[in-house]
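Engineer: Next comes the sequence, and after it the predicted model I'd like to discuss.
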Amino acid sequence: ILNVEQSPQSLHVQEGDSTNFTCSFPSSNFYALHWYRWETAKSPEALFVMTLNGDEKKKGRISATLNTKEGYSYLYIKGSQPEDSATYLCAFRAGNQFYFGTGTSLTVIP
Amino acid sequence: DTAVSQTPKYLVTQMGNDKSIKCEQNLGHDTMYWYKQDSKKFLKIMFSYNNKELIINETVPNRFSPKSPDKAHLNLHINSLELGDSAVYFCASGRVSSYNSPLHFGNGTRLTVT
């Protein structure tokens, strides 16, 4: 089992604030880094899949960056909205195995 | 059509029983997975399976066994259920031949052992 860490564990922000989370992963045997959004009582849904060092992905107000050499990825949310409230998971792919972090729980306060 | 479907959604059973959770994917993916969500919402890999290999997390008790009748199905069979097996179990599938392919999850099965 590989160690994938996310910080912070939880976060409360006001509506309209921008925020970011960190995912740390091993810098060896890297295949891909995934970000998922997991709402309560639902299943995780993919946000981004990043494979190359320096990758930057964007979907609306959410974006992510990747540094495979130092083993970290950032997820950014610009102008947070209440509907952004969820747990955000990263997953490190090594071979055909996916190892998940413990997630960052985001609550956006109206 | 649901891409990854698990049944049942809820399963309540007594200690010592044997039970199965079914998972089916209609995405044509080549690999399927079972994850266990612990009390802290952490997704822990249990098994991954494609038509070439089964990879078992060595920490999973041998009371748990995956059964795959074909590429679209990966069922989870649990023998002699224990209280500590109570958790939410998620099935997922992916196309591992593509590095850009994300995992697709089922809606989870909440298992309660009494």
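Structural biologist: Received the coordinates, thanks.

Engineer: Name the SS class of the residue of chain B found nearest chain A, please.
Structural biologist: Closest residue of chain B to chain A, Cβ to the nearest Cβ: B:P102 (3.3 Å). (Glycine included, C-beta is placed from N, CA and C.) Here B:P102 is coil, with the state taken from DSSP: H, G, I helix; E, B strand; the rest coil.

Engineer: Who are the contact partners of the residue nearest to it when sequence neighbours are not counted?
Structural biologist: Sequence neighbours aside, A:A46 is the residue nearest to B:P102 in space, at 3.3 Å (criterion: Cβ to Cβ, 6 or more residues apart in numbering or on different chains). For A:A46, the contacting residues are A:H34, A:W35, A:Y36, B:P102, B:L103, B:H104, by Cβ atoms under 8 Å, 6 or more residues apart in numbering or on different chains.

Engineer: Show me where chain A has its helices.
Structural biologist: Under the criterion DSSP state H, chain A carries no helices.

Engineer: in the chain, what secondary structure element scores lowest on mean pLDDT?
Structural biologist: You didn't say which chain, so I picked chain A. Lowest by mean pLDDT, DSSP states H and E among the helices and strands of chain A is strand A:97-100, with a mean of 91.

Engineer: My question was about chain B, not that one.
Structural biologist: The weakest-scoring helix or strand in chain B, judged by mean pLDDT, DSSP H and E, is strand B:54-56 (a mean of 79).

Engineer: Give me the sheet partners of the helix or strand that comes right after that strand and which way each runs.
Structural biologist: For strand B:54-56, the succeeding helix or strand toward the C-terminus, using DSSP states H and E, is strand B:64-67. Strand partners for strand B:64-67, identified by DSSP bridges, are recorded as strand B:75-78 (antiparallel).

Engineer: next one: the strand it pairs with to chain centre, how far?
Structural biologist: In terms of Cα atoms, centre = their mean, to the nearest Å, the centre of strand B:75-78 is found 7 Å from the chain centre.

Engineer: again, but for stretch B:48-66
Structural biologist: Its chain's C-alpha centre and that of stretch B:48-66 lie 10 Å apart, by Cα atoms, centre = their mean.

Engineer: Can I get it in PDB, CA atoms only?
Structural biologist: The C-alpha trace of stretch B:48-66 is given here as PDB (Å, rounded to 0.1, in the frame of the first residue of the first chain):
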ATOM      1  CA  SER B  48      -8.300  -5.400  -8.700                       C
ATOM      2  CA  TYR B  49      -9.100  -7.900 -11.500                       C
ATOM      3  CA  ASN B  50      -8.800  -8.000 -15.200                       C
ATOM      4  CA  ASN B  51      -8.800 -10.900 -17.600                       C
ATOM      5  CA  LYS B  52      -5.100 -11.400 -17.000                       C
ATOM      6  CA  GLU B  53      -4.500 -11.000 -13.300                       C
ATOM      7  CA  LEU B  54      -6.100 -10.800  -9.900                       C
ATOM      8  CA  ILE B  55      -4.300  -8.600  -7.400                       C
ATOM      9  CA  ILE B  56      -5.200  -9.000  -3.800                       C
ATOM     10  CA  ASN B  57      -4.400  -6.500  -1.100                       C
ATOM     11  CA  GLU B  58      -2.500  -8.800   1.400                       C
ATOM     12  CA  THR B  59      -4.300  -7.200   4.300                       C
ATOM     13  CA  VAL B  60      -7.700  -8.400   3.200                       C
ATOM     14  CA  PRO B  61      -8.800 -11.500   5.100                       C
ATOM     15  CA  ASN B  62      -9.200 -14.600   3.000                       C
ATOM     16  CA  ARG B  63     -12.800 -14.700   4.000                       C
ATOM     17  CA  PHE B  64     -13.200 -12.200   1.200                       C
ATOM     18  CA  SER B  65     -13.000 -13.500  -2.300                       C
ATOM     19  CA  PRO B  66     -13.700 -11.900  -5.700                       C
END
